[in-house]
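Asker: Below is the sequence, then the predicted model.
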Amino acid sequence: MATHNTHYTVLSYNINGYEIVHPIKEKSDRARYVMITDDPNLEDPSGSWEIVVDDTLSGSTFDKCYQIRFNPFKYTDDHIVLRVDGSVGIEKNLDPLIDKFIDGGYDRSLMHHPTRQTMLEEYTAWVQTRQFPMEDANYVLAFLHHCEGYNVQEFKGMAQMCYEIIADTRINNDLNRMTYTFLKYLGDKSSGIHRIDQTIFSFIAQKYFATLNIMWVDQRMYNGEWFTWYLHNSTQPFEPIDTKMMKDPYWLNKKCHNAIRPQDL
C-alpha cells in the first residue's frame, strides 16, 4: 500500500450537548479534526478538536445532525472526509485507513450492520428496544414496499451510519441529497425528520446507486484499537458484540467477504 500526502478532514458533531467531547488519542499531520456544534459554549478540554459553531442549523436535534451528516463538504475544502458520530473516540492516526481508501479508488467507506440484514429486522429492533413508534415504522415499511417496490422482509443489505469515509464526488453528493430529502419526506411531526437514517440511506444506496464503489469495514473496528464507541454522553465504552451474535454481512442482496478488520491495517 502506497503512502500518500493527501490531506483529509475528520468530521464529528455534538448537537444540543448530546455527547461528551472525546479526546483524540493520536493525530495525523495530514488531517484537520473538526467538530460541528450548535452550542457556542461547547468546549474541548483536550484541545484536540477544532470546534466550529454552525448557526445556520435549524430544526430538531436529529434534523441538525443530518444536515451535517449529509452535507460534510460544507465544512472543509478537502476532497476526503472521514466522519464519525460524536459518541466515537479516535484512538490512532487514521492515515492507513485513508490510504487504503485512496489506493482502492473507492467512492465511500461504510460499516456493515453487525446483527441485522433486512429493513424489517432493523425496524422491529427499534420498536422493541428503542421505543420507536410502531405506527411510524409501519408507515415507512409500507411506503418502501408498496411505493418503491422494495422487499423489506427479504432483501439483505444494511449499513450503519456511525462511520464513513466519503469523497467529494457527484455520486456521493447526489446520494446524500436524496437521502436527506427522503428523511424529510418521511419525517414525523415532532422532529420534522425520520430518525432512522441508516435504513433510508441503505435503501437509496442499493436501489438508486448500485454502482457505488464501497470500502467496507467491520464493526470490530470500533472495539478500541482504532476507534472506541461510547454510550451516549458517557465515557463508558460499549461492550464488544459477541461474534456469535454477528450475522453475515450483505449488500445488494449478496454476501460480502471483504470488510476491513483491525488486523488488516
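Answerer: Arrived safely.
Asker: and the residue nearest to Thr37 when sequence neighbours are not counted, how many residues sit next to it?
Answerer: Distances taken as Cβ to Cβ, 6 or more residues apart in numbering place Asn14 nearest to Thr37, at 4.9 Å, with adjacent residues excluded. From N, CA and C alone the C-beta is placed, and that goes for glycine too. Asn14: 24 surrounding residues under other Cβ atoms under 10 Å.
Asker: so who does Tyr123 touch?
Answerer: Applying Cβ atoms under 8 Å, 6 or more residues apart in numbering, we find Tyr123 in contact with Phe132, Ala137, Val140, Leu141, Val152, Ile196, Thr199.
Asker: Neighbour-wise, which one of those leads?
Answerer: Thr199 (28 neighbours).
Asker: In this structure that residue contacts Ala159, no?
Answerer: No - contact criterion Cβ atoms under 8 Å: Thr199 and Ala159 do not qualify, at 9.4 Å.
Asker: So what touches the helix or strand that contains Ile68?
Answerer: Using DSSP states H and E, Ile68 maps to helix 61-69. Outside helix 61-69, the residues within contact range by Cβ under 8 Å, 6+ apart are 11, 13, 15-16, 18, 36, 38, 54, 57-59, 74-75, 83, 161, 180, 183, 187, 191-193, 195, 197.
Asker: where do the strands sit along the stretch 101-250 of the chain?
Answerer: With strands called from DSSP state E, counting those that start in this stretch, the stretch 101-250 of the chain shows them at 108-112, 159-167, 214-217, 227-229, 250-251.
Asker: what's the offset of the third one from the middle of its chain?
Answerer: Once both centres are worked out by Cα atoms, centre = their mean, to the nearest Å, strand 214-217 turns out to sit 12 Å from its chain's centre.
Asker: And the fourth one, by the same measure?
Answerer: Centroid separation for strand 227-229 versus its chain: 13 Å, with Cα atoms, centre = their mean.
Asker: picking that back up, how about the strands of the stretch 101-250 of the chain, which one is nearest Glu91?
Answerer: When the strands of the stretch 101-250 of the chain are compared by Cβ to Cβ, strand 227-229 sits nearest Glu91, at 6.0 Å.
Asker: helices or strands up against the closest one?
Answerer: strand 88-90 (3 or more Cβ pairs under 8 Å, 6 or more residues apart in numbering; DSSP states H and E).
Asker: For Lys184, which residues are in contact?
Answerer: Residues in contact with Lys184 (Cβ under 8 Å, 6+ apart) are Gly192, Ile193, His194.
Asker: shaky segments in the protein?
Answerer: 1-3 (pLDDT under 70).
Asker: Check which residues of the lengthiest helix in it are buried.
Answerer: In the chain, assigned by DSSP state H, the helix with the most residues is helix 170-185. Buried residues in helix 170-185, counted by 16 or more other Cβ atoms under 10 Å: Asn172, Asn173, Leu175, Asn176, Met178, Thr179, Tyr180, Phe182, Leu183.
Asker: so how far is it off the chain centroid?
Answerer: The answer for helix 170-185 is 14 Å, by Cα atoms, centre = their mean.
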